[in-house]
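Undergrad: below are the sequence and a predicted model; questions follow.
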Amino acid sequence: MAEVILSLQNAQIFQRENLVLSDVNLSINRGEFVYLIGKTGSGKSSLMKTLYGDLPLENGKGSIVGFNLNNLKEKEIPFLRRKIGIVFQDFKLLNDRSVFDNLLFVLRATGWKDKTKIKDKINEVLAKVGMETKDFKMPFQLSGGEQQRVAIARALLNNPDLILADEPSGNLDPATSVDVMNVLKEIHDSGKTILMATHDYALILKFPYRTIKCEGGELFEVVQQKSTIN
Ligand SMILES: Nc1ncnc2c1ncn2[C@@H]1O[C@H](COP(=O)(O)OP(=O)(O)OP(=O)(O)O)[C@@H](O)[C@H]1O
């Protein structure tokens with residue numbers, strides 16, 4: 001039977017006192033690739049933030065990778081984030097250190113000690129995104145697409161159950177977006193569950209997966225036809 005990895009029932013999500021999403025119902029099984037689409041301001045990022053513990057789930061029920069979002073405690077958030085890999089539109093690499101040291105920083109912060117295991121893990125994730133020869137480079141020496149590959153490698157470090165990608169191609173040109181999407185597709189094909197917020201309908205047409213639309217404070221399943229996702 002399919003294993004539910006993310007579930008929200010009648011969830012309400014607020015940004016401060018503003019109700020952004022009034023009734024969110026969503027269930028994602030292990031191994032799925034799901035797009036989250038919707039107009040600017042429709043609440044996609046707010047939903048993502050709730051899923052990684054940056055915004056509280058005010059009402060309704062929610063669970064993700066075995067954590068209950070309803071009474072998520074501050075001290076549980078680092079443990080939740082080890083089971084979720086997060087990829088942002090603006091990469092969020094540390095600009096004062098190399099690719100290798102960006103990844104080292106995350107491993108050290110999550111308790112890794114053994115130097116050989118650390119090196120092997122960094123090489124493994126960089127190889128998955130085709131960046132194994134650029135581990136010595138500084139982020140500003142990389143193109144946007146390369147920086148996003150490193151950010152995806154970083155998201156894979158702790159072998160997460162779920163990857164949340166919030167507009168990962170938002171800062172990339174169309175050809176580079178397809179390259180990065182191919183990396184995400186390979187990761188998905190290897191068994192990972194991915195939820196990706198995007199505005200990029202060309203990508204959705206090229207890589208068709210289950211699509212959810214955020215509109216009027218709720219989520220709707222989209223039937224994969226060009227006319228319905230615009
Ligand atoms: N930090 C914040 N404080 C208060 N309100 C916010 C904050 N961030 C977002 N909002 C509001 O919450 C609503 C949803 O924004 P959100 O960023 O989740 O939408 P989005 O669908 O991700 O948009 P985009 O596609 O532009 O990223 C908007 O009305 C926005 O103004």
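TA: In hand now; what should we look at?
Undergrad: now the helix or strand containing residue 183: how far from the chain's centre is it?
TA: Applying DSSP states H and E as the criterion places residue 183 in helix 174-189. Taking C-alpha atoms, centre = their mean, to the nearest Å, one finds helix 174-189 lying 13 Å from the centre of the chain it belongs to.
Undergrad: can you name every helix or strand that the helix or strand following that helix contacts?
TA: Using DSSP H and E, the helix or strand that follows helix 174-189 in sequence is strand 193-197. Secondary structure elements in contact with strand 193-197, counted by 3 or more C-beta pairs under 8 Å, 6 or more residues apart in numbering; DSSP states H and E, are strand 4-15, strand 18-29, strand 33-37, helix 44-51, strand 162-166, helix 174-189. Just so you know, the C-beta spots here come from the backbone N, C-alpha and C atoms, and that holds for glycine as well.
Undergrad: cutoff 7 Å now
TA: In terms of contacts (3 or more C-beta pairs under 7 Å, 6 or more residues apart in numbering; DSSP states H and E), strand 193-197 is packed against strand 33-37, helix 44-51, strand 162-166.
Undergrad: so where is this protein shaky, pLDDT-wise?
TA: 224-230 (pLDDT under 70).
Undergrad: show me what from this protein comes close to the ligand.
TA: 15, 16, 18, 20, 38, 40, 41, 42, 43, 44, 45, 46 (C-beta under 6 Å from any ligand atom).
Undergrad: top of those residues by neighbour count?
TA: When neighbours are taken as other C-beta atoms under 10 Å, the top entry among the residues of the chain next to the ligand is residue 43 (27 neighbours).
Undergrad: wait, what's in contact with the residue most central in space within the chain?
TA: Among the residues of the chain, the one closest to the centroid is residue 164, at 1.8 Å (C-alpha atoms, centre = their mean). By C-beta atoms under 7 Å, 6 or more residues apart in numbering, the residues touching residue 164 are 48, 51, 52, 84, 86, 195.
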